[in-house]
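Participant: can't give you the sequence, but here's the structure:
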């Protein structure tokens, strides 16, 4: 089964609230077999909308990544991100 990649591009507008989201999201991602490959750090924006925070997490499958997003724990964390950031999030299935 191909791995899946959760890719988020984020502009944080309320660091305190977003920090609460990140703590809970980290727990939810780990609980669904996810692991971070990139979390902020250096980047070069070549096209599109620049966002200062870029995150890539690898999951065992597309289904696991989507289950994480839909989980009660992740949704609890996501409530803190609402209004605390401008985000784009996509889950992409990797090549087998």
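Facilitator: Received, thanks. Only a predicted model underlies this, so the values are computations on that prediction, with no experimental measurement involved.

Participant: ranges for the helices of this protein?
Facilitator: In the chain, the helices defined using DSSP state H lie at 15-31, 62-70, 72-81.

Participant: what is the burial count for residue 19?
Facilitator: Using other C-beta atoms under 10 Å, residue 19 has 12 other residues around it. To be clear about C-beta, it is placed using only N, CA and C from the backbone, and glycine gets the same treatment.

Participant: tell me the confidence at it?
Facilitator: pLDDT recorded at residue 19 is 96.

Participant: now do the one 10 residues further on
Facilitator: Confidence at residue 29, expressed as pLDDT, is 98.

Participant: before we move on, what about residue 90?
Facilitator: You'll see residue 90 listed with a pLDDT of 98.

Participant: was I right about it contacting residue 7?
Facilitator: Yes: Residue 90 is within contact range of residue 7, at 5.3 Å (criterion: C-beta atoms under 8 Å).

Participant: pick out whichever of these two has more residues nearby.
Facilitator: More crowded of residue 90 and residue 7, by other C-beta under 10 Å: residue 7, with 16 against 10.

Participant: beta-bridge partners for that one, please?
Facilitator: residue 56, residue 90 (DSSP bridges).

Participant: follow-up on the earlier one: could you dump the helices of the chain to CSV with distance to residue 94?
Facilitator: Formatted as CSV, the helices of the chain follow (distance: least, C-beta to C-beta, whole Å):
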stretch, distance to residue 94
helix 15-31, 16
helix 62-70, 9
helix 72-81, 21
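
Participant: compare those and give me the one nearest residue 95.
Facilitator: Smallest distance to residue 95 across the helices of the chain (C-beta to C-beta): 12.5 Å, for helix 62-70.
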